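K.L.:
I would like the atomic coordinates for the input below:
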Amino acid sequence: MNPFVLILAILRRHRLITLLFVAIVALSVALGVGVLSQEKALRQGSTTAADKFDIIVGAPGSHTDLLLSSVYLQPKQVELVDGKLLAEIAANPDVQFVAPLAFGDNYAGQPIVGSTPEFVTYLSDDQLTGRVFERMTEAVAGANASLEIGDTFEPSHGHGELTEEAAEEAGHEDFEIEIVGRMPVTGTPWDSAIISSVESVWDIHDLPMGHDPSGPRAEAVGAPFDAAFLPGIPAAIIKPTSFGAAYSLRSEYRTAATTAFFPAEVLLQLYGLMGDVRVIMSFLTLATQILVLLGILAGILALMQLFRQQFFVLRAMGAPRLYLLAVMWGYSAALVLVGSAVGLVLGWGISAGLASWVTEKTGIAIAAQLGIAELTSAAKVVLAGWLLALVPAGLLYRQPILEQHQR
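P.N.:
Purely as a prediction, here's the structure:
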């Protein structure tokens, strides 16, 4: 006798109950898969965004704030470090180049970051459309910025998009900047940024511009800078000449006046926190899944009472106990298997939706993927469900035909 025929008949006859059980299993699996997939995607996206930032140097304080402001362009209050440090770092033989970062302005909510042509070329892998800025009145737009090559704009002070009236009050009048290049997509918050010369940011805020105003490089852009005319800077990005030089530079510029660190150091701390959250969420998800499976088990036991008359007839007709066990277990196992498969897809969809939302809000390219961890999570639910399915099947197997008849 083929048990699948009876299993399909039960599934067709009790469609609503079957769909309800499948939906409950799917939601529980989707929760677990979504948590695992999203946490992994956040790790990968944030790590990729920091790849170009080998060493960050700034004033002593919170490394996290310095990382968030320098790499992820989040508005943070950070102390300024003496600008003379920039010239000192540039003269270090272990340094390939050093680039200052200057924040504080925006255009239509898009951050404007002051830096050097060399840093823009490095950040874009020398794949600019157009060219890098050569004058203080020029800038390069990120791939997702609203400005195109040839557009001009006036920067506004502060972070975030302002109302029209507030933008007029915060605007730097009579300082118009032209976009001369666009960066390729980097998958980082810099895709929505506008990078101008650091000299233009200093000039807008009435600060020394890094060059002797009476010298031949008074209107120059980029290195070399004159230490006597350098204002304070929020951060500097160092590109070392070698892997070994990176550790030497980090130690050298960890002093009472400055701090230096690898972005990976801070990210590992953040990942540790995320890992703790993931453990808690995974435990809650597992507990939820177990409760769901127990609830389904209770439902199947109740459903088994509805089938007892049919099973009595089958037993009276000579159907072996193993056949009834196979029918009951197969029905329960099918619910768990289909629910887990649907939940796997649903969890990936939820994670993909969250990844798209996070990418839009932060600029960090996050891609949700199904990996071994997510498949393992769903497989555990299937295995647990199949083991629990043996309970109602076993009860049915052990039930004597006489007891069935009496009931």
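
K.L.:
drop to CA atoms for contacts and neighbour counts, all remaining ones
P.N.:
Noted.

K.L.:
list the beta-bridge partners for Thr152.
P.N.:
On DSSP bridges, the residues paired with Thr152 through beta bridges are Glu178.

K.L.:
and it, what does it touch?
P.N.:
Contact analysis of Thr152 by C-alpha atoms under 8 Å, 6 or more residues apart in numbering lists Glu176, Ile177, Glu178, Ile179.

K.L.:
considering those residues, which possesses the most neighbours?
P.N.:
Ile179 (24 neighbours; other C-alpha atoms under 10 Å).

K.L.:
measure Ala23 to Leu16 for me?
P.N.:
According to C-alpha to C-alpha, to the nearest Å, Ala23 and Leu16 sit 10 Å apart.

K.L.:
which of those two has more residues huddled nearby?
P.N.:
More crowded of Ala23 and Leu16, by other C-alpha under 10 Å: Ala23, with 19 against 11.

K.L.:
so what's that one closest to, chain neighbours aside?
P.N.:
Gly339 (6.3 Å; C-alpha to C-alpha, 6 or more residues apart in numbering).

K.L.:
one more: Gly34?
P.N.:
Gly347 (4.6 Å).

K.L.:
which neighbours do Ala23 and Leu16 share?
P.N.:
By C-alpha under 8 Å, 6+ apart, no residue touches both Ala23 and Leu16.

K.L.:
helix or strand for the residue nearest to Gly34, which one?
P.N.:
Gly347 belongs to helix 321-362 when assigned by DSSP states H and E.

K.L.:
mind listing what's buried along whichever helix or strand comes after that helix?
P.N.:
Going down the chain from helix 321-362, the next helix or strand is helix 372-398, by DSSP H and E. Within helix 372-398, the residues scored as buried using 16 or more other C-alpha atoms under 10 Å are 374, 377-379, 381-382, 385-386, 388-394, 396-397.

K.L.:
angle of the helix holding Gly347 against helix 372-398?
P.N.:
Helix 321-362 and helix 372-398 are oriented at 160 degrees to each other (axes from the mean of the first three to the mean of the last three C-alpha atoms, to 10 degrees).

K.L.:
average pLDDT across helix 321-362?
P.N.:
For helix 321-362, the mean pLDDT works out to 83.

K.L.:
what's it packed up against?
P.N.:
Secondary-structure packing of helix 321-362 (3 or more C-alpha pairs under 8 Å, 6 or more residues apart in numbering; DSSP states H and E): helix 3-13, helix 15-49, helix 263-316, helix 372-398.

K.L.:
quick one: closest of the ones you listed to Arg250.
P.N.:
Evaluated over those, closeness to Arg250 peaks at helix 263-316, with 11.4 Å, by C-alpha to C-alpha.
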